[in-house]
Every structure is written in C-alpha cells, then in structure tokens.
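Engineer: The following block contains a protein sequence and its predicted model.
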2 protein chains.
Amino acid sequence: MTAETPRLRADARRNVEGIRTAALDVFRAHGLNSPLDEVARAAGVSKGTIYHRFGGRQGLIDAVVEELVAERITGIITAVRDIEDPVERFESYLRQIWLLQYDEPAANDVLLRAMPGSDPLVALCERASEIAGGLLAEAQATGKVRDDLTSEDVYLLIWERGIIARACTEQPRDGYRRRCEYTLRGLRSGA
Amino acid sequence: MTAETPRLRADARRNVEGIRTAALDVFRAHGLNSPLDEVARAAGVSKGTIYHRFGGRQGLIDAVVEELVAERITGIITAVRDIEDPVERFESYLRQIWLLQYDEPAANDVLLRAMPGSDPLVALCERASEIAGGLLAEAQATGKVRDDLTSEDVYLLIWERGIIARACTEQPRDGYRRRCEYTLRGLRSGA
DNA sequence: CCGCAACTTGAATCCATGGTCAAGATCGGC
DNA sequence: GCCGATCTTGACCATGGATTCAAGTTGCGG
C-alpha cells in the first residue's frame, strides 16, 4: 500500500499533496461543485495538472472525501448511539445531520447524492439511510413519533434540508436551526 | 392609454401577442428563468424580436406577470378571508401558498423575489408578506400557534418551500404536500 | 404599385465552466 | 552533467445561455 504505483517524481508527489489540501479547503468552503480552476489556483498549479493526476472532479473527490466528510457523518452516527431515549435519539440525529448540511456544503453534497459515481460516497449514504430508518422505527415504537412517517420521508426531509442549506449561505445559522426545530416538532404524534 | 405608442405595424402587433402567449406557456411550465430561445421558438419568432419588442427578459416578465401570477396569489388571499378560525385561516394560507409554489414555478420565482427589478412583483410580494403577518398575529392570539414565531420566520418558511419546490420537479406532489403538513404541524404551540 | 420606415432575422460576441492535448520544462538515473 | 521519461502548462475546444446589430424583409401611406 505504500508504493503500489511505480512511484511519482518528487514534484508530482508535492503537487498531489498540494492539490489534495487545496481541494479540502475549497470543497469545504463551497461544496463539491466548486470550479476546478479554483482548486488549481489555490494549489498553485494549472487545472490540467488536476486532470492529469486525478482524472477529473470525480477522482479528486474520491481522493478527499474520506477526510472531508466521512468522519463527520460517522461521528454523528456514533455520538447518537449513547442517547437513551429513542425519540431524543432520532431527533438528535436529524438535528445534527441538518446542521452538518448547513455547516459543510461538501457533506451536504454527499448527502444529496450529488455524486452518484463515487462508490465510497454511495456506501456512506446508504449506511446513513439505514441508520436513520432504524432510529425512526425505534422512535415510532414509543408512540411519540407520528407513525405515518416513513423512511422515505426521512430521507426526503434530509434531502429538502440539503436543498435549503445549499441556498442558505446568506441566512443566519440561528434562524435555520430554529426552523429545523419546527419541522422536527411536527414529526411528533398529534395532540 | 389605448394608443400611447405611435401604434405598431400589424405584423409587429401580431408578434407581440404571440410572444406574450408563448411566454405565458413557457414561464408557467418552467419558471421565469426559461431560456428566451424557448419562448421565441414557441412564438415562432427569433429571439432578437423579443429583445426588440420587450427589451429583454425583465420587460417580458413585466408584460405577463399580472396574468401569470398575480391573480393566483390574490385569489389565495381573498379565499382565505372567509375562513372563520384564525388558526385554520393561517394554516390554510400557508398551505395554499406552498402548493402554488409547487404547481407554478413562475409564481414561485415571484415569491422568491427572484426578480428584484420588477415593480409590480415587488409590490405583490410585499402585500403578500403583510397579509401573512396579519394572519400570523391573529392565529397566535388564540394561543394555538407558537408565539416565538415571527413574520420573518413565516417569510423564510415560504422562501424555504420555494427553494424546495424549485428542485422538486421529479418528486411526487403528494409527498411534498405531506411534508408541508409536518412543518405546519410543528408551528402549533408545544404540548 | 413605389419606396421608405418599421420589423425581423440569425450570425456574431460575450461569459463562465468543463474538459483535452501538444509542446515545453524539469527531475533524476546513469 | 546528459538525456529521456515524467510532469506541467496554458492555449484550445465545447456547451449553453444572454445580448446585440448589420443586413435583409415586409407592411402600408401615398
């Protein structure tokens, strides 16, 4: 694993690292659809180099996604496990995912399945979806969460938030968060 | 008012009408950002003619917006007036606006204030916002609607729905509607 | 019917982005 | 140090939409 490829020339290795770093910055700030030109500029190379080294946007994303996003999402998944109350657990999961979508455009792109070509991403999304389904079922079992809510709904609620978060750059985080709470509140069983 | 402009030649008048009609169709179907090419094709003229006659997208929009959208929105406003229960009235207003946003991309563009240059649109939006504020206040007075909800929130809830509706083309109307209900439900006072 | 003003056209320009590639620059083994 | 293999560059093409305008077409008053 340390040297599967014939080994790169020193300058190439330096560039690969520089590009990865730049991509992390740019993607974090503006999402996975940022112009590659911008990444190139940030890395101090020309975009041709990115295509040469990573084969295009998809390859570049694959090369940084783990560090960029995966740990954030798995972090939420594990953090939520410790919560006792199933309702609390379910709501906390959604809340955190929704905030992640606001805070990290790149994570948002991943959750929106904006990159259907990337295997690790798809896997991650599916894992998250399954988890959400489980949390939902447990929460519903308490009778405190609407039972007409489906896994599909939850997926779509996340999708909707993603769309919003994308457009939200200007909007203050606090209002966003509050409106998330309203929706969350609406998922509880009726009075 | 019948003939302020020197009077158009017959073919020009015919074209103006044709373009207006085509624009109504196209805008209704794909929103106010549809390529002008498409409008031109539908009208059987070249896009140059649209620029010549209307001075560009903005002018074209101004020329059709009344017929396109205004009556839909004012229709909702008046329809809602007859509802007795303030809570019901408020919720019905939101519900109908949200569905309008799904059903008519053009109306949605208007509500999203996507065209800040057009006076009648801005006026219409402001009127709608005021109405919404009033409905909210009355609904809150019953104690059945969260009193931490602000007019600003309501505006933003509509904005959020608009963003979603824009991206929603594929999504079934029914799910959209259901998720609207969830949010609506979340606006009621807590248990 | 003429002839000009009014109209229309579509080719041209611009912009922003994704993506490619021949040619020149540089590394590093010998 | 030399020279070929490896890298990088930046100019180039393509796409899709907005916008303009010179040149050609057409209505219509006289």
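Structural biologist: Received, thanks.
Engineer: Now A:Ala79: closest residue in space that isn't a chain neighbour?
Structural biologist: Among residues not flanking A:Ala79 along the chain, A:Gln96 sits closest, at 7.3 Å (C-beta to C-beta, 6 or more residues apart in numbering or on different chains). Any C-beta I mention is one placed from the backbone N, CA and C, and that applies to glycine too.
Engineer: Over to A:Arg113. Which of the three states is it?
Structural biologist: Secondary structure assignment for A:Arg113 (DSSP: H, G, I helix; E, B strand; the rest coil): coil.
Engineer: A:Asp147 too?
Structural biologist: Following three-state DSSP, the label given to A:Asp147 is coil.
Engineer: give the contact list for it.
Structural biologist: A:Gln140, A:Ser189 (C-beta atoms under 8 Å, 6 or more residues apart in numbering or on different chains).
Engineer: One more: A:Ala42?
Structural biologist: A:Ala22, A:Asp25, A:Val26.
Engineer: what do you get for A:Leu121?
Structural biologist: A:Ile61, A:Val65, A:Val110, A:Arg113, A:Met115.
Engineer: for it, helix, strand, or coil?
Structural biologist: helix.
Engineer: so what's the residue in chain A that chain B sits nearest to scoring on pLDDT?
Structural biologist: Relative to chain B, the nearest point of chain A is A:Gly186 (3.0 Å; C-beta to the nearest C-beta). In this model, A:Gly186 is scored at 94, pLDDT.
Engineer: Can you give me the neighbour number for the closest residue in space to it that isn't next to it in sequence?
Structural biologist: Counting by C-beta to C-beta, 6+ apart, A:Gly186 lies nearest to B:Gly186, which is 3.0 Å off, once chain neighbours are set aside. Burial of B:Gly186 is recorded as 19 neighbouring residues (other C-beta atoms under 10 Å in any protein chain shown).
Engineer: is it true that B:Gly186 touches A:Gly190?
Structural biologist: No: contact criterion C-beta atoms under 8 Å: B:Gly186 and A:Gly190 do not qualify, at 11.3 Å.
Engineer: Near DNA strand D, which residues of chain A are found?
Structural biologist: For chain A, the contact set with DNA strand D under C-beta under 7 Å from any atom of the strand comprises A:6, A:8-9, A:11-12, A:14-15, A:44-49, A:52-53.
Engineer: which stretch of helix or strand covers the most centrally placed residue in chain A?
Structural biologist: Against the mean C-alpha coordinate of chain A, by C-alpha atoms, centre = their mean, the closest residue is A:Ala107 at 2.2 Å. Using DSSP states H and E, A:Ala107 maps to helix A:105-111.
Engineer: Which residue, neighbours along the chain excluded, lies closest to A:Tyr102?
Structural biologist: Closest to A:Tyr102 by C-beta to C-beta, 6+ apart is A:Ala165, at 4.6 Å.
Engineer: Give me the pLDDT for that neighbour.
Structural biologist: Confidence at A:Ala165, expressed as pLDDT, is 93.
Engineer: residues near it, how many?
Structural biologist: With other C-beta under 10 Å as criterion, A:Ala165 counts 26.
Engineer: That one against A:Tyr176, yeah?
Structural biologist: Yes: look at A:Ala165 against A:Tyr176 with C-beta under 8 Å: they come within range, at 7.4 Å.
Engineer: hey, what's in contact with both of these two?
Structural biologist: A:Tyr102.
Engineer: Would you state the helices of chain A in chain order?
Structural biologist: Applying DSSP state H to chain A gives helices spanning A:10-30, A:36-43, A:47-54, A:57-65, A:71-81, A:86-103, A:105-111, A:119-141, A:151-167, A:173-186.
Engineer: so of these, which one's packed in deepest?
Structural biologist: Counting by mean count of other C-beta atoms under 10 Å in any protein chain shown, helix A:105-111 has the highest mean neighbour count of the helices of chain A, with a mean of 26.
Engineer: Does A:Arg53 touch A:Arg13 like I think?
Structural biologist: No: if you go by C-beta under 8 Å, A:Arg53 and A:Arg13 don't touch, sitting 10.0 Å apart.
Engineer: For DNA strand D, what's its nearest residue on chain A.
Structural biologist: Closest contact between chain A and DNA strand D, by C-beta to the nearest atom of the strand, is at A:Gly48 (2.1 Å).
Engineer: DNA strand C versus A:Leu24, what's the distance?
Structural biologist: 17 Å (C-beta to the nearest atom of the strand, to the nearest Å).
Engineer: surely that residue meets A:Val64?
Structural biologist: Yes: using C-beta under 8 Å, A:Leu24 is in contact with A:Val64, at 5.5 Å.
Engineer: which bits of chain A sit near chain B?
Structural biologist: Contact residues, chain A versus chain B (C-beta under 8 Å from any C-beta of the partner chain): A:146, A:149, A:152-153, A:156-157, A:160, A:163-164, A:167, A:171, A:175, A:178-179, A:181-188, A:190-191.
Engineer: Residue ranges in chain A under the pLDDT threshold?
Structural biologist: A:1-6, A:114-118, A:191 (pLDDT under 70).
Engineer: and it, which residues reach DNA strand C?
Structural biologist: Counting by C-beta under 7 Å from any atom of the strand, chain A sits next to DNA strand C at A:9-11, A:33-37, A:47-48, A:51-52, A:56-57.
Engineer: out of the residues you listed, what pair is the most spread apart?
Structural biologist: With distances taken as C-beta to C-beta, the most widely separated pair in these is A:Ala10 and A:Asn33, at 31.8 Å.
Engineer: which residues touch A:Ile83?
Structural biologist: Residues in contact with A:Ile83, defined by C-beta under 8 Å, 6+ apart, are A:Arg89, A:Ser92.
Engineer: Go again with 10 Å.
Structural biologist: Neighbouring residues of A:Ile83 by C-beta atoms under 10 Å, 6 or more residues apart in numbering or on different chains: A:Arg89, A:Phe90, A:Glu91, A:Ser92, A:Tyr93, A:Leu135.
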